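In: Fold the following and give me the result.
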Amino acid sequence: MSIEKLNIYTAKQACINRLEELILSGELKIGARLPAERDLAARLGISRPVLHEALVDLAAKGLVQIAPRRGVFINDFRTYGSIAILESLLSYHNGSLDPAMLQSMLAMRMLLETETARLAALNHKPEHLKILQDILIQEQQTEPGDTEQRTQLDFSFHLQVAVASENLVYPMIINSFKAVYTNLTGKFFAAYANSAVIVQVFEYHSLLVKAIQQRDPHSASTIMGEMLQHGEQNLRAVYYKEHEHVYHHA
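Out: Got it, this is the predicted structure:
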């Protein structure tokens, strides 16, 4: 069997990226009607079927509305956007999120993950506990300067707590935020690589696993909340300093 390497960056993706840029920048205004597909495809230098597929993807993200026999209209992504748009926003702003979006994400995470921790203490199975304990061991063995590994392990830890909750939807929600989540925590682990801040993160992880093991839902939820507050306080200092020029003009 001969399997050739795929060309990942297709005309369709290029089209999606360009239209996203025009929408997120505000150059294409909310409520505006796009040119007819034939004309727009010609202006973008792509085929009409490729453009249509790109528009379908943008509609799935909530960026546009395809109205049969009327045309394609620009949506207000704040009202109609799906979780999928978060990664596009992050890419468009070169890793930045405006203060309101960042605050909204952190608040959502607090609500979601204190609940996953509570449920994990009530519902976990032995295999869930084993995976969490293995992650603790890997965290201790990871070099302080290995930011990428620490970031991935931290994401895996939070994801596995959600899996241990036995709620089928919570892990999928966390997975859908992975690109944004790891972008933020990557900055956190890079900034505090050799400090007591990271040591405290690992201590919180250990305390949380112990609470889950002891089937103590109140302690598990409390520890998760304290851990997220600890991370949020330190992350804000790093994130706002790095993107001060962005927020100054926001």
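In: contacting residues for N194?
Out: For N194, the contact set (Cβ atoms under 8 Å, 6 or more residues apart in numbering) comprises 144-145. C-betas here are computed from N, CA, C, even on glycine.
In: how near is I174 to M227?
Out: According to Cβ to Cβ, to the nearest Å, I174 and M227 sit 15 Å apart.
In: Isn't V163 up against L129?
Out: No. Contact between V163 and L129 fails when scored by Cβ atoms under 8 Å: they sit 11.2 Å apart.
In: Between these two, tell me which one has more neighbours.
Out: Set V163 next to L129 and count neighbours by other Cβ atoms under 10 Å: V163 wins out with 22 against 16.
In: Skipping adjacent residues, who's closest to that one in space?
Out: Of all residues not flanking V163 in the chain, P171 sits nearest, at 5.0 Å (Cβ to Cβ, 6 or more residues apart in numbering).
In: and the next element down the chain from whichever strand or helix holds the one you found?
Out: For P171, the host element (DSSP states H and E) is helix 170-176. With elements assigned by DSSP H and E, the helix or strand that comes after helix 170-176 is helix 178-191.
In: Number of residues surrounding G145?
Out: By other Cβ under 10 Å, 12 other residues sit near G145.
In: Now do the contacts for it.
Out: G145 makes contact with 193-194 under the criterion Cβ under 8 Å, 6+ apart.
In: residues contacting the residue nearest to V163?
Out: P171 is in contact with 159, 162-163, 165, counting by Cβ under 8 Å, 6+ apart.
In: what's the closest of those residues to T222?
Out: Closest to T222 out of the contacts of P171 is S165 (16.0 Å), distances taken as Cβ to Cβ.
In: Excluding chain neighbours, give the residue nearest to that closest one in space.
Out: Nearest residue to S165 in three dimensions, chain neighbours excluded: L119, at 3.6 Å (Cβ to Cβ, 6+ apart).
In: Can you verify my assumption that the one you found contacts N167?
Out: Yes. L119 lies in contact with N167 (Cβ under 8 Å); the separation is 6.0 Å.
In: phi, psi of I66?
Out: Dihedral pair for I66: phi -100, psi 110, per degrees, to the nearest 10.
In: hang on, the earlier thing: give me the average confidence score over the helix holding P171.
Out: Averaging pLDDT along helix 170-176 gives 91.
In: Let me know how buried L159 is, in neighbour terms.
Out: L159 has 19 neighbouring residues, counting by other Cβ under 10 Å.
In: residues contacting it?
Out: Contacts of L159 were listed using Cβ under 8 Å, 6+ apart, and they are 171, 174-175.
In: do the same with G62
Out: G62 sits next to 75, 77, 80-82, 84-85 when contact means Cβ under 8 Å, 6+ apart.
In: Please repeat the previous calculation with a cut-off of 10 Å.
Out: 75-85 (Cβ atoms under 10 Å, 6 or more residues apart in numbering).
In: Please report the distance of it from L51.
Out: Separation of G62 from L51 (Cβ to Cβ): 19 Å.
In: ditto for P68
Out: Distance of P68 to L51, given as Cβ to Cβ: 16 Å.
In: Looking at the two, which is more packed in?
Out: L51 (23 against 5).
In: ok, which stretches of the protein are helices?
Out: Remark: helices assigned in the chain by DSSP state H are 11-24, 37-44, 48-61, 77-80, 85-92, 99-123, 126-141, 147-164, 170-176, 178-191, 196-213, 217-242, 244-248.
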